[in-house]
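Undergrad: Next input, structure requested:
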Amino acid sequence: MVLAMSAITFVAADTPFTDSGNTAWVLAAAALVLFMTPGLALFYGGMVRTKSVLNMMMMSFITMGTVGTVWVLWGYSETFGNDVGAGLLGNPFEHFGLSGVLDAIYGYVPADAATGTAAAGGIPGGAFVAFQVVFAIIAVALVSGAIADRAKFVTWTVFTVIWATLVYFPAAHWVFAFNGFAAETGGWIANKAEGLFLGGAGAYDFAGGTAIHINAGVAGLALAILLRKRVGWPKEPMRPHNLTLVMIGAGILWFGWFGFNAGSALSAGTLAAGVWVNTLAATCTAMLGWLITEKIRDGHATSLGAASGVVAGLVAITPACATVSPWGALVVGLAAGVGCALAVGLKFRFGFDDSLDVVGVHLVGGLIGTLLIGFLADATNSPTGTAGLSMNDGLFFGGGFGQLWSQTLGAGAVLIYSFVVTFIIGWVLHKTMGFTVPEEDEVAGIDLLEHAETAYDLGAFTGGSRHVSSGVVAERTRQVVADEPSSKEEASA
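TA: Numbering: from 1, shown residues only. The predicted model follows:
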């Protein structure tokens with residue numbers, strides 16, 4: 001997305017037109033990325049215990065409602081409106097309610113008589129809006145995995161709106177809003193803020209390694225530190241209840257991620273094709289790297305490890321998919337598979353309950369992919385180079401340390417901003433609304449207490465009906481818990 005936007009500048013012309021092929025690809029890619037959120041719900045849902053499945057899946061699904069709504073109202077404008085503060089924020093009122101957006105054409109390039117270049121059609125504003133909103137939705141949904149099993153659903157719902165507004169939209173403006181594309185002025189990272197990037201080399205993030213994965217990963221870390229741990233963690237086992245769901249979810253994520261990365265080219269051509277290949281290559285080696293690490297460390301290669309390795313590779317290649325060669329993508333994936341497999345153990349060492357390894361996979365994977373661009377960026381053999389677009393080489397290809405510094409600066413800025421603001425948001429909500437359910441409710445089953453439903457109809461508590469008032473369910477659940485002695489096995493069931 002980043003390189004494509006920087007290479008295609010919006011230029012006013014008498015008769016701008018859209019390219020139907022590019023438009024069709026962007027809309028299809030948007031649908032693929034939207035499908036990733038239900039895939040994430042399955043992935044996360046399979047990783048929690050039986051009594052938390054619906055709550056976990058609902059935490060992903062609700063983001064489609066909340067973030068989709070605020071995106072239409074002010075989110076798009078805050079992200080892609082003209083900058084109102086040194087590259088930090090778009091004007092949230094400029095396109096409020098998508099005013100003036102749907103009839104726009106972005107990316108149109110008029111003919112150039114001097115060079116003999118024909119005019120290139122753009123994409124409708126509506127297609128661009130559609131593609132960007134699904135990024136915002138899944139970015140917020142990713143955070144939920146860090147606080148699985150214990151978050152109040154209503155508080156989480158409020159959090160999604162506030163976090164999207166104060167954290168995701170500003171960070172996306174920094175990274176994705178290029179001067180002259182959707183607006184005249186954009187974000188500071190995208191447009192190589194004067195004096196900050198060595199040699200004028202801006203940070204490369206083609207599809208969201210910083211704005212989405214580092215952002216969501218460090219937000220998950222902030223909440224995991226702020227909120228209490230799950231009852232019994234880390235002494236009691238908290239095993240995934242349904243690895244079949246996890247594998248299906250990972251498969252859907254892999255499928256949708258081709259739209260995530262290749263769709264960020266905003267056109268159907270050489271760039272998108274190269275990005276598709278790199279996405280595949282990195283994911284394959286990441287899965288292998290995770291499984292090899294598991295086998296050496298634990299003596300077993302697991303299905304959960306395979307699924308986690310797939311996601312780790314997808315995360316790491318997201319920022320780098322357009323700027324490294326295919327062999328570079330293999331290296332990025334392998335580094336992510338091994339690095340993330342080791343990183344998921346950090347929560348035990350440092351004592352933060354990152355329930356579903358959002359930190360170990362998304363924060364660490366995002367950092368690996370973003371920083372390796374500084375070493376592996378290849379202006380000749382990358383998709384960007386083969387598409388005839390200009391870019392800087394990384395350290396291993398004679399580009400010096402400039403690109404590595406730029407990548408570090410971009411990643412560090414998003415990381416620090418997201419952690420601080422997320423912690424403040426979480427603290428305020430925890431003090432005012434309460435962010436976690438009571439411990440006895442968690443033990444009894446958060447699905448029953450928060451949603452008055454269960455994922456599996458086992459006939460318990462409901463008297464033949466799974467849809468009863470939450471008060472009745474809560475009371476009967478507490479009665480059963482009080483009457484029957486608990487055990488470690490029951491608490492981790």
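
Undergrad: Please name the residues that touch the residue nearest to residue 72 when sequence neighbours are not counted.
TA: Counting by Cβ to Cβ, 6 or more residues apart in numbering, residue 98 is the residue found nearest to residue 72 once chain neighbours are left out, at 5.8 Å. For the C-beta atoms, the positions are set from N, CA and C on the backbone; glycine is no exception. With contact taken as Cβ atoms under 8 Å, 6 or more residues apart in numbering, residue 98 is in contact with 72, 76, 129.

Undergrad: Can I get stretch 96-111 in CSV, CA atoms only?
TA: The C-alpha trace of stretch 96-111 is given here as CSV (Å, rounded to 0.1, in the frame of the first residue of the first chain):
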residue,chain,number,x,y,z
PHE,A,96,-17.3,13.3,8.1
GLY,A,97,-19.8,10.7,7.0
LEU,A,98,-17.6,10.1,3.9
SER,A,99,-18.6,13.5,2.5
GLY,A,100,-16.8,14.1,-0.8
VAL,A,101,-15.2,10.7,-0.9
LEU,A,102,-17.4,8.3,-2.8
ASP,A,103,-17.4,10.4,-6.0
ALA,A,104,-13.6,10.9,-6.0
ILE,A,105,-11.1,9.0,-8.1
TYR,A,106,-7.8,8.1,-6.5
GLY,A,107,-4.6,7.2,-8.3
TYR,A,108,-5.5,8.5,-11.7
VAL,A,109,-2.5,9.5,-13.8
PRO,A,110,-3.0,11.7,-16.9
ALA,A,111,-1.2,11.0,-20.1
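
Undergrad: For the one helix or strand residue 424 maps to, name the packing helices and strands.
TA: Here residue 424 sits within helix 402-432, counting by DSSP states H and E. Packing partners of helix 402-432 (3 or more Cβ pairs under 8 Å, 6 or more residues apart in numbering; DSSP states H and E): helix 153-163, helix 169-176, helix 215-226, helix 364-376.

Undergrad: CA atoms only: put the longest one into PDB for me.
TA: The one in question is helix 364-376. Provided in PDB are the C-alpha atoms of helix 364-376 (Å, rounded to 0.1, in the frame of the first residue of the first chain):
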ATOM      1  CA  VAL A 364       7.500  -9.600  17.800                       C
ATOM      2  CA  GLY A 365       6.600 -10.700  14.300                       C
ATOM      3  CA  GLY A 366       5.800  -7.100  13.300                       C
ATOM      4  CA  LEU A 367       9.200  -5.900  14.600                       C
ATOM      5  CA  ILE A 368      11.100  -8.700  12.900                       C
ATOM      6  CA  GLY A 369       9.500  -8.000   9.500                       C
ATOM      7  CA  THR A 370       9.800  -4.200   9.900                       C
ATOM      8  CA  LEU A 371      13.500  -4.200  11.000                       C
ATOM      9  CA  LEU A 372      14.700  -6.800   8.500                       C
ATOM     10  CA  ILE A 373      13.700  -4.400   5.700                       C
ATOM     11  CA  GLY A 374      16.600  -2.300   6.800                       C
ATOM     12  CA  PHE A 375      18.900  -5.300   6.000                       C
ATOM     13  CA  LEU A 376      17.200  -7.100   3.100                       C
END
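
Undergrad: What residues of that helix count as buried?
TA: Neighbour-count burial for helix 364-376 flags 364-376 (criterion: 16 or more other Cβ atoms under 10 Å).

Undergrad: any chance of these in JSON lines, plus pLDDT and distance to residue 344?
TA: Formatted as JSON lines, the buried residues of helix 364-376 follow (pLDDT from 0 to 100; distance: Cβ to Cβ, whole Å):
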{"residue": "364", "pLDDT": "99", "distance to residue 344": "8"}
{"residue": "365", "pLDDT": "99", "distance to residue 344": "11"}
{"residue": "366", "pLDDT": "98", "distance to residue 344": "14"}
{"residue": "367", "pLDDT": "99", "distance to residue 344": "14"}
{"residue": "368", "pLDDT": "99", "distance to residue 344": "13"}
{"residue": "369", "pLDDT": "98", "distance to residue 344": "17"}
{"residue": "370", "pLDDT": "98", "distance to residue 344": "19"}
{"residue": "371", "pLDDT": "98", "distance to residue 344": "19"}
{"residue": "372", "pLDDT": "98", "distance to residue 344": "19"}
{"residue": "373", "pLDDT": "97", "distance to residue 344": "23"}
{"residue": "374", "pLDDT": "96", "distance to residue 344": "24"}
{"residue": "375", "pLDDT": "97", "distance to residue 344": "24"}
{"residue": "376", "pLDDT": "98", "distance to residue 344": "24"}
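
Undergrad: Which single one of the residues you listed is nearest to residue 16?
TA: residue 373 (33.0 Å; Cβ to Cβ).

Undergrad: what's the average pLDDT for stretch 160-172?
TA: Stretch 160-172 shows an average pLDDT of 99 in the prediction.

Undergrad: er, stretch 137-154 I mean
TA: On average, stretch 137-154 scores 98.

Undergrad: now the end-to-end length of it.
TA: Terminal residues of stretch 137-154 lie 17 Å apart, using Cα to Cα, to the nearest Å.

Undergrad: I'd like the distance from it to the chain centre, please.
TA: 12 Å (Cα atoms, centre = their mean, to the nearest Å).
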